[in-house]
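J.: need coordinates for the following:
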Amino acid sequence: MSLGAIITTTNPLNTPREIAKQIADSNPKLVFTTCQLISKLASSNLPIILLDDNNNPSNTKIVTSLTEMMMNEPSQNRVRDRVNQDDTATLLYSSGTTGASKGVVSSHRNLMAMVQTVFGRFNLLEGVQTFICTVPMFHIYGLAVFATALLASGSTVVVLSKFEMRDMLLSIEKYHATYLPLVPPILVAMLNGADQIKAKYDLSSLQSVISGGAPLSKEVIEGFLEKYPTVRILQGYGLTESTGIGASTDSPEEGRRYGTAGLLSPSFEAKIVDPDSGEALPVNRTGELWLRGPSIMKGYFSNPEATSSTLDSQGWLRTGDLCYIDDDGFIFVVDRLKELIKYKGYQVPPAELEALLLTHPEISDAAVIPFPDREVGQYPMAYVVRKPGSNLSESAVMDFVARQVAPYKRIRKVAFVISVPKNQSGKILRKDLIKLATSKL
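T.: Residues are numbered from 1 along each chain as shown. Prediction:
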C-alpha cells in the first residue's frame with residue numbers, strides 16, 4: 001500500500017469458482033499466495049508471487065517468492081508514486097443480500113482514521129501489548145486492526161495459521177498474550193470448557209477478550225467472568241464499509257450493559273432512522289443505524305447503484321442494522337435489515353445460496369434463513385420446493401451446495417415445503433420462515 005498499490009483479499013476457504021468471480025470483478029494484476037492454494041487459481045493466468053518457498057519450479061505462472069525478493073537489493077532508481085490520503089488502499093469484498101458480494105473501496109484516510117481509533121480503544125500508547133490473532137486477515141478486522149493498527153503501535157501480534165482451540169490456548173501461555181480478540185462461538189467454547197482449560201493451560205497473562213460479530217448474552221458474560229475473574233470482556237461492532245470498529249465497550253462497567261455493542265467510536269456520528277419514512281428517531285426508538293465519519297468507505301467498486309443506496313449525499317452510511325441508542329449513548333443491535341447469516345463470525349448471504357439452489361434440476365423454489373445455534377451462532381437452513389415427481393433428499397441438497405461453496409456457507413438443515421411464502425412484490429417472507437423453524441425448538 002505504501003507504493004500506491006491496491007490490495008484485495010479473498011478467503012482461502014473459498015472455492016476456485018468463488019475466487020474466479022472475485023478476480024473477474026476486481027481485475028488484479030498480481031497474486032500473492034502459498035503453494036498449498038495455487039490449485040485454486042487454475043483458471044487464472046495471473047502472475048504469482050509465493051509467500052512460502054517455491055516447491056514447484058515447473059509452474060510458469062510463479063514469477064518469484066517473497067524469500068527471493070527479500071534477498072535482492074532494492075533498485076535505487078525505483079520511482080514511487082505519490083500516495084494521497086484519498087487514494088484507494090483496499091478493495092475488500094463484503095457479503096450482500098442480493099447475491100454477489102460487493103467490493104468495498106477504502107482509502108488511505110479511512111485506514112489512518114481506523115488506526116487512531118484502535119490506538120484509543122485499546123490504550124496502546126500506554127504500553128506494549130501482545131495480541132493473539134484468531135480472526136482472518138482477509139477480513140477488515142484482521143487487515144485494519146491486526147495487520148495495520150496493532151503493528152503500527154509497536155504491539156506484538158501472534159498469528160495463528162488457522163484457528164484451533166489448542167493452538168490458541170498454547171499461544172496465550174507461550175507468548176504471555178494480554179489481549180484475545182475472538183468471535184462469540186470461541187468465547188462460548190472457552191466458557192463451556194473452562195475447568196479443563198484452566199487445569200491444562202496457564203492463562204494468567206490474559207487481561208482482556210474482545211468479542212465481535214454478535215452481542216453476547218447476559219448469561220454468557222456472567223458465566224465467563226465467573227470462570228475467568230481476572231479477564232475483562234470488551235465488545236465491538238463494525239462493518240467492512242466502516243473500515244472496522246464503529247462502536248465498542250472499553251471497560252468492565254460498559255461491558256455489563258448486557259446486549260450493547262458499546263459507545264460510538266471517536267470521530268463518528270450516528271443516528272437512528274425510520275427505514276420507511278427516513279425520519280431521524282429519538283433515543284430508545286428502534287430504526288436503522290446510520291454512521292458517518294472519517295473511516296466510512298468511498299463506495300462500492302464499479303457499482304454506483306449499490307453505492308447510492310448505501311451512502312447518501314451527505315456521507316451517511318446506511319448500515320442495514322436495526323438498532324436503538326439509549327439515554328447514555330450506548331448502541332443496541334436488535335435485528336438485521338440485511339438478513340445476513342452470521343456463522344462463526346463469517347457472513348453468509350442467503351440470496352447467494354438461494355440462487356445456487358435454483359440451479360438444481362429438481363428444485364423449483366428455495367429460501368435460506370439463519371437457524372440459531374449455540375455453538376456457531378447461526379447456520380444456513382434451506383426451505384426447498386421440489387419439482388413434481390422429485391424424491392430429492394435432504395442430504396442430496398446439502399451435498400449439492402457443499403461441493404460449490406466455502407465450508408462456512410454450507411446448508412446444514414433442509415426442510416421441504418409446498419411453496420415459499422412471499423409478499424406481493426415477490427420478496428421472500430424470511431421472518432415467517434424463521435418463526436416456523438424456531439417454533440419447534
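J.: all helices of the chain, in order?
T.: Listed in chain order, the helices of the chain (DSSP state H) span 16-26, 66-71, 108-121, 140, 151-153, 165-175, 184-192, 194-200, 218-227, 252-255, 304-310, 350-357, 394-402, 430-438.
J.: hey, which of the ones you listed is tucked in deepest?
T.: helix 140 (a mean of 26; mean count of other CB atoms under 10 Å). For glycine as for every other residue, the C-beta is placed from the backbone atoms N, C-alpha and C.
J.: what does it contact?
T.: 92, 104, 238, 239, 240, 243, 244 (CB atoms under 8 Å, 6 or more residues apart in numbering).
J.: rebuild the helices of the chain as TSV, extending it with mean pLDDT.
T.: Below are the helices of the chain laid out as TSV (pLDDT from 0 to 100):
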stretch	mean pLDDT
helix 16-26	93
helix 66-71	89
helix 108-121	90
helix 140	88
helix 151-153	88
helix 165-175	97
helix 184-192	88
helix 194-200	97
helix 218-227	91
helix 252-255	85
helix 304-310	94
helix 350-357	87
helix 394-402	97
helix 430-438	90
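J.: report the contact partners of the closest residue to residue 59 other than its chain neighbours.
T.: Nearest in space to residue 59, with sequence neighbours left out and distances taken as CB to CB, 6 or more residues apart in numbering, is residue 38 at 6.8 Å. Residue 38 makes contacts with 48, 56, 59, 61, 62, as judged by CB under 8 Å, 6+ apart.
J.: buried ones among these?
T.: The neighbour count (16 or more other CB atoms under 10 Å) marks 48, 62 as buried among the contacts of residue 38.
J.: of the contacts of residue 38, closest to residue 146?
T.: Within these, distances to residue 146 taken as CB to CB reach their minimum at residue 48, with 24.2 Å.
J.: for residue 4, give its distance to residue 90.
T.: 13 Å (CB to CB, to the nearest Å).
J.: and what of residue 389?
T.: 50 Å.
J.: circling back to that earlier point, just give me the least confident of the contacts of residue 38.
T.: Within the contacts of residue 38, residue 56 has the lowest pLDDT, namely 70.
J.: isn't it up against residue 62?
T.: Yes. Using CB atoms under 8 Å, residue 56 makes contact with residue 62 at a distance of 7.0 Å.
J.: one step back: residue 389 and residue 90: which has the busier surroundings?
T.: residue 90 (24 against 6; other CB atoms under 10 Å).
J.: residue contacts, the more buried one?
T.: Contacts of residue 90 (CB under 8 Å, 6+ apart): 1, 6, 7, 8, 9, 104, 105, 106, 111, 143.
J.: do residue 7 as well
T.: Residue 7 touches 1, 89, 90, 91, 143, counting by CB under 8 Å, 6+ apart.
J.: identify the residue nearest residue 358 in space, chain neighbours excluded?
T.: residue 366 is the one closest to residue 358 (CB to CB, 6+ apart), at 6.1 Å.
J.: retrieve the pLDDT associated with that neighbour.
T.: 93.
J.: flag the shaky bits of this structure, pLDDT-wise.
T.: 57, 78-80, 95-100, 125-127, 338, 424-426 (pLDDT under 70).
J.: mind giving me the domain ranges of it?
T.: Residue ranges for the domains of the chain, per automatic domain parsing: 16-83, 99-336, 342-438.
J.: quick one: residue 89 from residue 370, how far?
T.: Taken as CB to CB, the span from residue 89 to residue 370 is 32 Å.
J.: between these two, which has more neighbouring residues?
T.: Using other CB under 10 Å as the criterion, residue 89 and residue 370 rank with residue 89 on top: 26 against 22.
J.: surely that one touches residue 112?
T.: No. If you go by CB under 8 Å, residue 89 and residue 112 don't touch, sitting 9.2 Å apart.
J.: which residues are contacting stretch 68-81?
T.: 3, 4, 49, 54.
J.: and those, which two are furthest apart?
T.: Top of the distance list for the contacts of stretch 68-81 (CB to CB): 4 and 54, 27.0 Å.
J.: more crowded one of the two?
T.: residue 54 (17 against 14).
J.: what distance do you get for the nearest residue to the more buried one once chain neighbours are set aside to residue 41?
T.: Residue nearest to residue 54 in three dimensions, not counting chain neighbours: residue 65, with 5.0 Å by CB to CB, 6+ apart. The spacing between residue 65 and residue 41, counted by CB to CB, is 15 Å.
J.: same check on residue 261?
T.: 38 Å.
J.: compare these two (neighbour count), which wins?
T.: Ranked by neighbour count (other CB under 10 Å), residue 261 and residue 41 place residue 261 first, with 24 against 17.
J.: nearest residue to that one in space, please, no chain neighbours.
T.: residue 237 (3.5 Å).
J.: so what's the one you found up against?
T.: Counting by CB under 8 Å, 6+ apart, the residues that residue 237 touches are 212, 245, 246, 247, 248, 261, 262, 331, 333.
J.: can I assume residue 26 is in contact with residue 103?
T.: Yes. With contacts counted by CB under 8 Å, residue 26 reaches residue 103, the gap being 6.0 Å.
J.: show the contacting residues for the closest residue to residue 37 other than its chain neighbours.
T.: Distance criterion CB to CB, 6+ apart; nearest residue to residue 37, sequence neighbours excluded, is residue 12 at 5.7 Å. Counting by CB under 8 Å, 6+ apart, residue 12 touches 37, 40, 138.
J.: OK, contacts around residue 407?
T.: Counting by CB under 8 Å, 6+ apart, the residues that residue 407 touches are residue 13.
J.: what about residue 40, how many residues nearby?
T.: By other CB under 10 Å, the residues close to residue 40 number 19.
J.: spatially nearest residue to it, not counting backbone neighbours?
T.: That would be residue 16: by CB to CB, 6+ apart, it lies 4.8 Å from residue 40.
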